[in-house]
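Q: Attaching a predicted model along with its sequence, questions to come.
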Amino acid sequence: MPLQLEIVTAERVVLSEEVDMVSAPSYEGRVGILPRHEPLLTVLQPGELHYVKNGVSMPYAISGGFMEVLPNRVTILADTAERADEIDEARAEQARAKAEQAVRDRQGAVDVAQAEIALRRATVRLQVAKLRRNRQQ
């Protein structure tokens, strides 16, 4: 019995598909979801979300959001979500470098917090893009 997974952002439905397992980055730690899981609502942090279907793991970069789990359905309401093949590595690397510089400059608590979030988002995007590259080799 598979899980129905939906990943949704404000702009689009990123994915709607039956999967075998979902792994997501919650603030309490990584959460793994299998069919018939107990209902759960949790906040997601920026990180790698992946699902497994027919033994193949598919990674996504998310920048936070919420996850609702029902016994046979998982809904991810993400701030942003990108498949590995959607990530422009050069652009993500530029964003990471810019965020690192902003963290080093330390111009106000709010600016530093925003820069740290941007740095985490760029780092996750690069990690997910690297997963895609490693699979192709």
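A: Looks like it arrived, so ask away. Numbers count the residues shown, from 1 in each chain.
Q: From here on, just use CA atoms for contacts and neighbour counts.
A: Fine.
Q: Where do the strands of this structure begin and end?
A: 3-8, 13-19, 21-26, 29-33, 40-53, 56-70, 73-78, 81-83 (DSSP state E).
Q: In contact with Val31, which residues are there?
A: 23-25 (Cα atoms under 8 Å, 6 or more residues apart in numbering).
Q: same thing but at 6 Å, please
A: Taking Cα atoms under 6 Å, 6 or more residues apart in numbering, we find Val31 in contact with 23-24.
Q: do the same with Ile33
A: Ile33 neighbours (Cα under 6 Å, 6+ apart): 21-22.
Q: which residues does it bridge with?
A: Beta-bridge pairing for Ile33 (DSSP bridges): Val22.
Q: that older thread, quick one: closest of the strands of the chain to Arg104.
A: Minimum separation from Arg104 across those (Cα to Cα) falls at strand 40-53, 20.7 Å.
Q: buried set for the closest one?
A: By neighbour count on 16 or more other Cα atoms under 10 Å, the buried set for strand 40-53 is 42-51, 53.
Q: Run through the neighbouring helices and strands of that strand.
A: Judged by 3 or more Cα pairs under 6 Å, 6 or more residues apart in numbering; DSSP states H and E, strand 40-53 is in contact with strand 21-26, strand 56-70.
Q: circling back: in CSV, list the strands of the chain along with mean pLDDT and distance to Thr123.
A: As requested, those are exported to CSV (pLDDT from 0 to 100; distance: least, Cα to Cα, whole Å):
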stretch, mean pLDDT, distance to Thr123
strand 3-8, 97, 21
strand 13-19, 96, 21
strand 21-26, 96, 14
strand 29-33, 95, 17
strand 40-53, 94, 9
strand 56-70, 93, 10
strand 73-78, 97, 17
strand 81-83, 88, 13
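Q: can I get those strands in a markdown table with distance to Val103?
A: Shown next, in a markdown table, are the strands of the chain (distance: least, Cα to Cα, whole Å):
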| stretch | distance to Val103 |
| --- | --- |
| strand 3-8 | 30 |
| strand 13-19 | 31 |
| strand 21-26 | 23 |
| strand 29-33 | 24 |
| strand 40-53 | 17 |
| strand 56-70 | 18 |
| strand 73-78 | 25 |
| strand 81-83 | 24 |
